[in-house]
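**Student:** turn this into a structure:
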Amino acid sequence: MNNIDELTEQYKDKFPHMKSYTECITRTYLSGIAATFLTFSGTYMAVSLLRNRLPSLRPGHLNVIAAGLLSSLVGFQVVYIRTKTCNNGWLAAENKSTYLSPAVGKLPPDAHNLPVGRHSPPDSQGTPDVH
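**Tutor:** Numbering: from 1, shown residues only. As a prediction, this is how the structure comes out:
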């Protein structure tokens, strides 16, 4: 299945907002690639310019390794954060689970009876003592 349109058409009834999710994920990965490329380019140029002014810097091949590691971390962080955003947006659009409305079944059965704030156990009359 290399065609994403066929996949979204196939699951349209089960997941009506899948198309917007796939578009969001596509933009996310392209942003990650762009962040990696721009970070590598900027870091390599900065280190190359500083190498002329600071003779104590290491040889050139270590500059490439340093730029590669930094750009990989930046690209990963961009993709990680944006993927979470896409996932949360899709779950909210599908009315599944969000930060504000957790998924059904994940709450304890008496969650609607849980007190808000700091409470001590109920006294003999059944009323909690609020601090």
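**Student:** which stretches of this structure form helices?
**Tutor:** Under the criterion DSSP state H, the chain carries helices at the ranges 4-10, 18-53, 60-93.
**Student:** need these in TSV (columns: mean neighbour count and mean pLDDT).
**Tutor:** Any C-beta I mention is one placed from the backbone N, CA and C, and that applies to glycine too. As requested, those are exported to TSV (neighbours: other Cβ atoms under 10 Å; pLDDT from 0 to 100):
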stretch	mean neighbour count	mean pLDDT
helix 4-10	13	76
helix 18-53	15	89
helix 60-93	15	88
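**Student:** can you tell me which residues contact residue 27?
**Tutor:** residue 82 (Cβ atoms under 8 Å, 6 or more residues apart in numbering).
**Student:** for it, give its distance to residue 47.
**Tutor:** 30 Å (Cβ to Cβ, to the nearest Å).
**Student:** which non-adjacent residue is nearest residue 12?
**Tutor:** Spatial nearest neighbour of residue 12, chain neighbours left out: residue 18 (7.2 Å); criterion: Cβ to Cβ, 6 or more residues apart in numbering.
**Student:** okay but the one you found is in contact with residue 8, surely?
**Tutor:** Yes: using Cβ atoms under 8 Å, residue 18 is in contact with residue 8, at 5.0 Å.
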